[in-house]
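Q: Predicted model follows, preceded by the sequence.
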Amino acid sequence: MDHLDHRVRGGWTPSGAADAALPAHASRWLSARTGLTPVDTPVAPDSGLPVPESGLPALVRTVLADIVGAAHVLVEREDRLGRAGGLSYVDLLARRGAGELPVPDAVVVPGDPDEVREVVSACASHGVGIVPFGGGTSVVGGVSALRGDKVAVVVLDLARLDKLVSVDPVSRLAVFQAGVVAPEAERMLAAHGLTLGHFPQSYERATLGGFAATRSSGQASAGYGRFEDMVEGVRLATPRGDWRLGVSPASAAGPDLRQLAIGSEGLFGVITEVTVRVRPAPAWERYEGFVVDGFAAGAEIVRALAQGGVLGTVTRLSDPQETEVALTLSGGWKSAAVRGYLRARGITEPSLLVIGWEGATKDELLTRRRATLRLVGEAVRLGVRAGERWRHGRFSGPRQRDALMDVGMCVETLETATYWSKLGDLREAVREALLRSLTTGGRRPIVACHISHSYETGASLYFTTLVPRDTDDPVGQWRRAKQAASEAIVGLGTITHHHAVGVDHAPYLASEIGPLGVDVLRAIKAELDPSGVLNPEKLV
Ligand SMILES: Cc1cc2nc3c(=O)[nH]c(=O)nc-3n(C[C@H](O)[C@H](O)[C@H](O)COP(=O)(O)OP(=O)(O)OC[C@H]3O[C@@H](n4cnc5c(N)ncnc54)[C@H](O)[C@@H]3O)c2cc1C
């Protein structure tokens, strides 16, 4: 079985490798902007990382091998290391030898939903923790191999649950096994002229089960909705047995229990199948770029589009800081000329707005575009080239994270959401908290932000922070900034719009859902997972 490459984002896809490097001028620019003294800190080779011996009791190993076959219970060092943690900044730091990297005692790879149910049941009987593992792209510690009070912990890898179970084109439904990765889902649906329309930035590697477990939101959420809007049904392997939910497009049969599985982050059961709503694949697509003067003016445009019901399928507004960073790191800011042109057009704080439209026919697309453009107002139109440029790089930005870490940067992202009336305040509060906590020792952080998911009532804010890494205490530097940002968010917005809770946001969950909410979640967990083996130390 493949080992996940946690080091080089270009390893996600061979075609992506080219986007993983930094352009030549980038470290010079970073030095000038942030005070970086470039260093060379490549990833510690995995062979240098401490990996304890597997503590999986021999009896449990035999029981698991009887269920999935001995070849699918992996205890070798490389296999366990390959499924140790996800892709958060802290995970990446641990790969560089800073901080702890919890390594599972084994990786179990069941072949179908029934085997998953049996593995879950066996682990529950023997008090062994289970970390459900989809694409391993969690950025909040969701797949950290924490064992809590359990004797051992195994990663339950869903890679072999990779099948399209059925398609119902009449009802526009498809049933997938949970380990199907997003591009494979799209490929299988394309054979039926259909699309799911879920394109998060982690698209190349994340799974449908992972999307459901984390309430994921893709770049085309304005057109297709968030992942929870797409889920019609789920099949969940719990220690209490198999649980299937979702039998009709709507129901008044009590609370919607599917929502217990969606966003449950592997604590209530392992999702083995997901029934999703699908759509005809669009025949026409068009992306265009615009520049607005300042974030506030751009946010007003996006609000008008959202409340006017004319958002593009993709609608994404970068603030001036993100516009600068994105164009510099992509090597695209042919600066002087573009800045001069924008200044001549009265733009002093360029904020890039990208809008993408889709349609079954060209006329449908153009009708949508016209409706949007009526509300875009004074924005400077950069045209299709700028839009296509964004589309080309839509999944590649994060791949540069490793290259940035190699030269000594701390690179972290966080996301939140709030109502339109509080959006400006929330952006300011988070910016201020990050700048305050990270401006130390001559380091000058860049805090960049964008809106990429908009609703009638509000929008998400996604922050990217770049700052020279504190080489003496890189984890402490991250922890202080995370705490400052999270405390700034509490009371103004949600602690997470789509990355989920995992480990990193768990301390702030109660402030969002109340202590009673936490008790309710714990009661549900106690009912479904009485021995508490599912994903220890996450969510609640
Ligand atoms: C570069 C990058 C960009 C990203 N961009 C986005 C984005 O645009 N939008 C977005 O929503 N997210 C984004 N993410 C976050 C992440 O990709 C999502 O949370 C995604 O939904 C995780 O899917 P996965 O298959 O990788 O799940 P994993 O990382 O494997 O798991 C995530 C959580 O779900 C649990 N889990 C996984 N599969 C199952 C299952 N079958 N049953 C029960 N529990 C399960 C895990 O235990 C864990 O708690 C990004 C991450 C990275 C690294």
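A: That came through fine.
Q: In the chain, what residue lies closest to the ligand?
A: Relative to the ligand, the nearest point of the chain is G210 (2.1 Å; C-beta to the nearest ligand atom). Backbone N, C-alpha and C define where each C-beta goes, glycine included.
Q: Wait, that residue touches D157, no?
A: No - using C-beta atoms under 8 Å, G210 makes no contact with D157, being 11.6 Å away.
Q: Looking at the two, which is more packed in?
A: It is G210, of G210 and D157, that has more neighbours when counted by other C-beta atoms under 10 Å, with 32 against 26.
Q: With adjacent residues omitted, what lies nearest to that one?
A: Among residues not flanking G210 along the chain, G134 sits closest, at 3.2 Å (C-beta to C-beta, 6 or more residues apart in numbering).
Q: residues contacting the one you found?
A: Going by C-beta atoms under 8 Å, 6 or more residues apart in numbering, G134 touches L158, A178, G179, A206, T207, L208, G209, G210, A213.
Q: Pull out the CA atoms of the helix or strand V63 falls within and give them to me as PDB.
A: According to DSSP states H and E, V63 maps onto helix 58-68. This file holds the C-alpha atoms of helix 58-68, laid out as PDB (Å, rounded to 0.1, in the frame of the first residue of the first chain):
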ATOM      1  CA  ALA A  58      -0.800 -10.000  20.000                       C
ATOM      2  CA  LEU A  59      -4.400 -11.300  20.600                       C
ATOM      3  CA  VAL A  60      -6.000  -8.200  19.100                       C
ATOM      4  CA  ARG A  61      -3.600  -8.400  16.100                       C
ATOM      5  CA  THR A  62      -4.800 -12.000  15.500                       C
ATOM      6  CA  VAL A  63      -8.500 -11.000  15.800                       C
ATOM      7  CA  LEU A  64      -8.000  -8.100  13.400                       C
ATOM      8  CA  ALA A  65      -6.100 -10.300  10.900                       C
ATOM      9  CA  ASP A  66      -8.900 -12.800  11.000                       C
ATOM     10  CA  ILE A  67     -11.300 -10.100   9.900                       C
ATOM     11  CA  VAL A  68      -9.400  -8.200   7.300                       C
END
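Q: Note down every partner strand of the helix or strand that that helix is followed by and its orientation.
A: Note on helix 58-68: by DSSP H and E, the next helix or strand toward the C-terminus is strand 73-74. Strand pairing for strand 73-74, determined by DSSP bridges: strand 106-108 (antiparallel).
Q: For the strand it pairs with, give the mean pLDDT please.
A: When pLDDT is averaged along strand 106-108, the result is 97.
Q: so how far is it from its chain's centroid?
A: 24 Å (C-alpha atoms, centre = their mean, to the nearest Å).
Q: Wondering if it reaches the ligand at all.
A: No - residues of strand 106-108 are not located near the ligand by C-beta under 6 Å from any ligand atom, the shortest gap being 12.5 Å.
Q: What are the contacting residues of the strand or helix carrying the residue of the chain closest to the ligand?
A: G210 is part of helix 208-214 when elements are defined by DSSP H and E. Contact partners of helix 208-214, identified using C-beta under 8 Å, 6+ apart, comprise 132, 134-135, 137-138, 142, 158, 161, 176-180, 182, 185, 198, 200, 216, 227-228, 231, 234, 261-266, 270-272, 274, 276, 498-500.
Q: outside of the next helix or strand after it, which residues touch it?
A: Counting by DSSP H and E, the next helix or strand C-terminal to helix 208-214 is helix 221-224. Residues from elsewhere that reach helix 221-224 (C-beta under 8 Å, 6+ apart): 196-198, 218, 230, 279, 306, 311-315, 358, 452-454.
Q: Restricted to helices, list those.
A: Counting by DSSP state H, the part of the contacts of helix 221-224 found in helices is M230, A306.
Q: Farthest pair within the contacts of helix 221-224?
A: Distance extremes for the contacts of helix 221-224: the farthest pair is L196 and A306 at 22.4 Å, using C-beta to C-beta.
Q: Torsion angles phi and psi at R83?
A: Dihedral angles of R83 (phi, psi; degrees, to the nearest 10) stand at phi -120, psi 20.
Q: centre of the chain versus the helix holding V63, how much separation?
A: For helix 58-68 - counting by C-alpha atoms, centre = their mean - the centre lies 33 Å from the chain centre.
Q: got a pLDDT number for D5?
A: At D5, the model reports a pLDDT of 47.
Q: do the same with A337
A: Per-residue pLDDT puts A337 at 73.
Q: could I get the lowest-mean-pLDDT helix or strand in the chain in PDB with only the CA atoms?
A: Within the chain, confidence by mean pLDDT, DSSP states H and E is lowest for helix 335-344 among all helices and strands, at a mean of 77. Extracted in PDB, the C-alpha atoms of helix 335-344 (Å, rounded to 0.1, in the frame of the first residue of the first chain):
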ATOM      1  CA  SER A 335       4.300  44.700 -10.400                       C
ATOM      2  CA  ALA A 336       5.000  48.100 -11.600                       C
ATOM      3  CA  ALA A 337       2.900  48.100 -14.700                       C
ATOM      4  CA  VAL A 338      -0.100  46.500 -13.000                       C
ATOM      5  CA  ARG A 339       0.000  48.700  -9.900                       C
ATOM      6  CA  GLY A 340       0.400  51.700 -12.100                       C
ATOM      7  CA  TYR A 341      -2.600  50.700 -14.200                       C
ATOM      8  CA  LEU A 342      -4.700  50.100 -11.100                       C
ATOM      9  CA  ARG A 343      -3.600  53.400  -9.500                       C
ATOM     10  CA  ALA A 344      -4.700  55.200 -12.700                       C
END
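Q: Skipping adjacent residues, who's closest to V165 in space?
A: Once flanking residues are discounted, V165 sits nearest to V175: 4.0 Å by C-beta to C-beta, 6+ apart.
Q: For F290, see how far away the residue sitting furthest away from the middle of the chain is.
A: Distance from the C-alpha centroid of the chain, by C-alpha atoms, centre = their mean, peaks at A344 (38.4 Å). Using C-beta to C-beta, to the nearest Å, A344 is found at 16 Å from F290.
Q: Do a quick rundown of the strands in the stretch 401-540 of the chain.
A: Taking DSSP state E, counting those that start in this stretch as the criterion, the stretch 401-540 of the chain contains strands spanning 409-419, 446-451, 458-468.
Q: Just want the angle from the first one to strand 458-468.
A: If you take axes from the mean of the first three to the mean of the last three C-alpha atoms, to 10 degrees, strand 409-419 sits at 160 degrees to strand 458-468.
Q: Kindly report the same for the second one.
A: What separates the directions of strand 446-451 and strand 458-468 is an angle of 160 degrees, with the same axes, to 10 degrees.
Q: quick one: is strand 446-451 near the ligand?
A: No - figure legend: strand 446-451 not in contact with the ligand (C-beta under 6 Å from any ligand atom); closest approach 11.2 Å.
Q: Check what contacts that strand and list those residues.
A: Contacts to strand 446-451, defined as C-beta under 8 Å, 6+ apart, come from residues 33-34, 295, 298-299, 302, 315-319, 321-322, 324-326, 423, 427, 430-431, 434-435, 459-467.
Q: ditto for stretch 38-57
A: 7, 27, 30-31, 75, 77-78, 80-81, 95-97, 101, 103, 105-106, 126, 128, 151-152, 154, 402, 405-408, 469, 471.
Q: These, buried ones only, as a ChimeraX selection?
A: Buried residues among the contacts of stretch 38-57 (16 or more other C-beta atoms under 10 Å), as a ChimeraX selection:
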select :7,27,30,75,77,80,81,95,96,101,103,105,106,126,128,152,154,402,405,406,407,408,469
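Q: could you say what helices and strands the helix holding V63 packs with?
A: Other helices and strands packing on helix 58-68, by 3 or more C-beta pairs under 8 Å, 6 or more residues apart in numbering; DSSP states H and E, are strand 73-74, strand 106-108, helix 113-126.
Q: Please identify the most buried of those.
A: Burial of the helices and strands packed on helix 58-68 is given as mean neighbour count (mean count of other C-beta atoms under 10 Å); strand 106-108 ranks first at a mean of 27.
Q: Right, I'll leave it there.
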